[in-house]
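Colleague: Build me a model:
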Amino acid sequence: MAMTVANVLVGTAALSFNPNPGDAVGVGVWTELGYTEDGVIMTYTADTADVEVEEETFPIKRVLVKETIEVTCNLAESTRVNLNQAMAGATLAAPTITLGAGAIKELNIKIIGTNLGDGAGTTRTIHIPYCTATGATNQSYKKGEKVLTPVTFQGYSGTGVTVCTITDA
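Modeller: As a prediction, the model looks like this:
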């Protein structure tokens, strides 16, 4: 099998958010979350179930029963805005972030990077129009070290909108 080095993607990615779930990529106000440590990781998981019958030893069909998509990264810019986005239940009224209101914050995220695999260096955009921050986040304050804010965003289905699109343009 021939391998093509040109299809190996190398480049940077910018993670941005829009506080209005469902907005299109070019609509609304998008805020970049800044520098990251270890890049931005998109993980797609598909859970399947086998359809089995008594007369066969192998499944006769496989069906998709659940899909998840998440974006994780370590934010290297420890701003109030970033910390607020990393915590699903946080509310921000500068200069204070408040926890404990019990409200989940819905938002819209996109990752824009360079697709070097097409030979032209086009832009790849991953857009998740409906998501929330999930999981734990923490910050460690150590002498001489940068403060990282780990964050995980999980997408969900919105009305009449695709959960995730990946576009090379």
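Colleague: contacts, neighbours, all on C-alpha from now
Modeller: Noted.
Colleague: in the chain, which spans are helices?
Modeller: Secondary structure of the chain (DSSP state H): helices at 80-86.
Colleague: Which pLDDT value does the model give the residue lying farthest from the centre of it?
Modeller: Among the C-alpha atoms of the chain, the one farthest from their average position, using Cα atoms, centre = their mean, is that of residue 55, at 43.2 Å. As predicted, residue 55 sits at a pLDDT of 97.
Colleague: who does residue 18 bridge with?
Modeller: Beta-bridge pairing of residue 18, defined through DSSP bridges, involves residue 108.
Colleague: repeat for residue 50
Modeller: What pairs with residue 50, by the bridge criterion (DSSP bridges), is residue 62.
Colleague: any idea how far residue 56 is from the residue positioned nearest the centre of the chain?
Modeller: For the chain, the residue nearest the mean C-alpha position is residue 71 (2.6 Å; Cα atoms, centre = their mean). From residue 71 over to residue 56 the distance is 40 Å, taken as Cα to Cα, to the nearest Å.
Colleague: Confirm for me that the residue nearest to the centre of the chain is in contact with residue 152.
Modeller: Yes - using Cα atoms under 8 Å, residue 71 makes contact with residue 152 at a distance of 5.6 Å.
Colleague: Quick check: closest non-adjacent residue to residue 72.
Modeller: Residue nearest to residue 72 in three dimensions, not counting chain neighbours: residue 152, with 4.4 Å by Cα to Cα, 6 or more residues apart in numbering.
Colleague: for that neighbour, what are its contacts?
Modeller: Contact analysis of residue 152 by Cα atoms under 8 Å, 6 or more residues apart in numbering lists 70-73, 86, 133-135.
Colleague: Looking at the residues you listed, which one is closest to residue 79?
Modeller: Nearest to residue 79 among the contacts of residue 152 is residue 86, at 10.7 Å by Cα to Cα.
Colleague: if you skip the residues just before and after it, what's nearest to the closest one?
Modeller: For residue 86, ignoring the flanking residues on the chain, the nearest one in space by Cα to Cα, 6+ apart is residue 151 at 5.1 Å.
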